[in-house]
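Trainee: Quick one, fold the following:
(chains A, B, C and D)
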Protein chains: 2
Amino acid sequence: MLELAILGLLKEQELHGYELKKRLTEALGAFSSVSFGSLYPALARLEAAGAVRAVVAAADPGDDAPPPAVPMTGSIAGEAAAFRARRPATRPPRPSRTRKVYAITDRGEALFEELLEAESVSADDDRAFTLKLAFCRHLPPERRLGLFERRRALLVERLAKARTSIRSRKERMDMYTQSLVDHGTESTERDISWLDRLIAIERQGGDPS
Amino acid sequence: MLELAILGLLKEQELHGYELKKRLTEALGAFSSVSFGSLYPALARLEAAGAVRAVVAAADPGDDAPPPAVPMTGSIAGEAAAFRARRPATRPPRPSRTRKVYAITDRGEALFEELLEAESVSADDDRAFTLKLAFCRHLPPERRLGLFERRRALLVERLAKARTSIRSRKERMDMYTQSLVDHGTESTERDISWLDRLIAIERQGGDPS
DNA sequence: ATGTCGATATATCGGTCCGATATGTCGGCA
DNA sequence: TGCCGACATATCGGACCGATATATCGACAT
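Mentor: Prediction:
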């Protein structure tokens, strides 16, 4: 599930672990903070599976030569450049030499597609869908639509189960649990409406933003 | 985090693992399905810590004596009784003899209070709060209020971080990610309003349902 | 009787993820 | 010079999950 996120980011540019983590934590809002304890093992798994490869190894002492396409801590240099304008400009925060920059491989591209479509009926399905949505632009339109509709069906089913469960037990719940369940039901309803909007946009094919 | 739920249920009545699982999965709606793979280890941990104790051991062949307070698979017998009315009534689904019924101890009660108030700043904080809310009726009112207010503060902070993050990166997000983040922001706002309602009710001390 | 099926019930295994922690490099500053 | 904070990789223990194994029991058909 984390593999999906890593592959999705590497699809756009080569990155090293630390930068990957920063993007993951800041990109998906203030929630779902990816930790190093899962990121590095996931990278190792992906490398073992041949889905990514290390582009720049550890020690590379003679790198007076301009570091090539590899963007290093590029985003920081880009975003924060304005704030550090007083510095002598020749200071893209010179990275430590012990970094490992990863690139996605063809196997990785295939795995990415596979993960994007994987049925994951479980509790972490919510997190998984969030991740999938963040990268579904790489999907052909009809598969994207399928993804949305499967998600919608899952939420509708969940809602139905919750409703029957409530009807049979409402009087036995204290007010806090009742409020909790009601709020959860409302949230699910809003999630479904949101998906309906996404699906409608998708059907009339395009981005009428 | 699962310990909290187990202790909360055992606080009300003695239960065995299977029944515990059923209540957990059906009680907290159709989401957050607790699995045996976490339930039984959690029970073992709690027993090792002296927070629960096994009340009825495995084999108990001579139980022609009416099984006492222990409600066995009581909920099923209760709810499904109507559907099995054709049966000769003398059939509370006679349980297998290999069950282990657990009861909460004094140490368990203390642990329960402790877990209810524990600060858990992390990603699973959402699940944890849901669980806490489901059992917060056991808390004295002022602590319950504190629980709500800490949660509210956390959400407000999360919202603020999300907003600044959005402002600095909105133009670089594709429409799906934008929609995702917007929807997440709205959901968090609604969560805060919901908490405000709970807090208001709590402050004027009582259940004006 | 026998056999199979589904519900009940406990338990373990492998794997993923997380938080905490260790280790080390580097630039800035007192 | 020495220290601090940001950068960067990595490991460890623990919690949780999904899948699976095992066994008992009642129901129902053969």
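Trainee: Next up, the contacts around A:Gly8.
Mentor: A:112, A:131, A:134-135, A:138 (Cβ atoms under 8 Å, 6 or more residues apart in numbering or on different chains). For the C-beta atoms, the positions are set from N, CA and C on the backbone; glycine is no exception.
Trainee: List the buried residues for the host helix or strand of it?
Mentor: Using DSSP states H and E, A:Gly8 sits in helix A:2-12. Residues A:2-10 are the ones in helix A:2-12 that count as buried (16 or more other Cβ atoms under 10 Å in any protein chain shown).
Trainee: Can you report how many residues lie near A:Glu117?
Mentor: Residues lying near A:Glu117 (other Cβ atoms under 10 Å in any protein chain shown) number 12.
Trainee: Over to A:Leu43?
Mentor: Look at A:Leu43: counted by other Cβ under 10 Å, it has 22 neighbours.
Trainee: correct me, but it touches A:Glu19?
Mentor: No. Contact criterion Cβ atoms under 8 Å: A:Leu43 and A:Glu19 do not qualify, at 11.9 Å.
Trainee: in chain A, what residue sits furthest out from the centroid?
Mentor: Distance from the C-alpha centroid of chain A peaks at A:Glu171, with 40.4 Å (Cα atoms, centre = their mean).
Trainee: residue contacts, A:Leu46?
Mentor: If you count contacts by Cβ under 8 Å, 6+ apart, A:Leu46 has them with A:3, A:6-7, A:52, A:102, A:108, A:111.
Trainee: a markdown table for those residues, including distance to B:Leu145 and pLDDT?
Mentor: As requested, the contacts of A:Leu46 are arranged in a markdown table below (distance: Cβ to Cβ, whole Å; pLDDT from 0 to 100):
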| residue | distance to B:Leu145 | pLDDT |
| --- | --- | --- |
| A:Glu3 | 42 | 94 |
| A:Ile6 | 42 | 95 |
| A:Leu7 | 45 | 96 |
| A:Val52 | 49 | 96 |
| A:Tyr102 | 48 | 96 |
| A:Gly108 | 50 | 96 |
| A:Leu111 | 49 | 95 |
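Trainee: Taking those residues, tell me the two that lie furthest apart.
Mentor: Spanning the widest gap among the contacts of A:Leu46 are A:Tyr102 and A:Leu111, at 13.7 Å by Cβ to Cβ.
Trainee: more crowded one of the two?
Mentor: A:Tyr102 (25 against 20).
Trainee: ok, now how distant is the more buried one from A:Pro41?
Mentor: The gap separating A:Tyr102 from A:Pro41 is 14 Å, by Cβ to Cβ, to the nearest Å.
Trainee: Can you name the element that comes right after the helix holding A:Gly8?
Mentor: Toward the C-terminus, helix A:2-12 is succeeded by strand A:15-16 as the next helix or strand (DSSP H and E).
Trainee: Distance from the chain centre to that following strand, please.
Mentor: Computed by Cα atoms, centre = their mean, to the nearest Å, the chain-centroid distance of strand A:15-16 equals 15 Å.
Trainee: ok, now stretch A:20-36?
Mentor: With Cα atoms, centre = their mean, you get 8 Å for stretch A:20-36.
Trainee: Same question for stretch A:5-25.
Mentor: Remark: stretch A:5-25 is offset 9 Å from the chain centroid, using Cα atoms, centre = their mean.
Trainee: Next, the contact list for A:Leu43, please.
Mentor: A:Leu43 makes contact with A:6, A:17, A:20, A:52, A:102 under the criterion Cβ under 8 Å, 6+ apart.
Trainee: closest to DNA strand D among those?
Mentor: Taking Cβ to the nearest atom of the strand as the measure, DNA strand D sits nearest to A:Gly17 out of the contacts of A:Leu43, at 2.9 Å.
Trainee: hang on, that closest one packs against A:Pro41?
Mentor: No. Counting by Cβ under 8 Å, A:Gly17 does not reach A:Pro41; the two are 10.8 Å apart.
Trainee: So those two - more neighbours on which side?
Mentor: Using other Cβ under 10 Å as the criterion, A:Gly17 and A:Pro41 rank with A:Gly17 on top: 17 against 11.
Trainee: Sketch out the low-pLDDT regions of chain A for me.
Mentor: Scanning chain A for pLDDT under 70 picks out A:29-32, A:57-97, A:120-123, A:206-209.
Trainee: Next up, the contacts around A:Glu3.
Mentor: Here A:Glu3 is in contact with A:42, A:45-46, A:51, A:111, A:115 (Cβ under 8 Å, 6+ apart).
Trainee: Those in helices, which ones?
Mentor: Assigned to helices by DSSP state H, the following of the contacts of A:Glu3 qualify: A:42, A:45-46, A:111, A:115.
Trainee: what's the closest of those residues to B:Asp124?
Mentor: For the ones in helices among the contacts of A:Glu3, the nearest to B:Asp124 is A:Ala42 (18.4 Å; Cβ to Cβ).
Trainee: that older thread, pipe the ones in helices among the contacts of A:Glu3 into CSV and attach distance to DNA strand C per row.
Mentor: Formatted as CSV, the ones in helices among the contacts of A:Glu3 follow (distance: Cβ to the nearest atom of the strand, whole Å):
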residue, distance to DNA strand C
A:Ala42, 5
A:Arg45, 6
A:Leu46, 10
A:Leu111, 12
A:Leu115, 10
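Trainee: before we move on, the earlier item: which one of the contacts of A:Leu46 is nearest to B:Glu189?
Mentor: A:Ile6 (30.6 Å).
Trainee: what about the closest one, distance to DNA strand C?
Mentor: Counting by Cβ to the nearest atom of the strand, to the nearest Å, the gap from A:Ile6 to DNA strand C is 9 Å.
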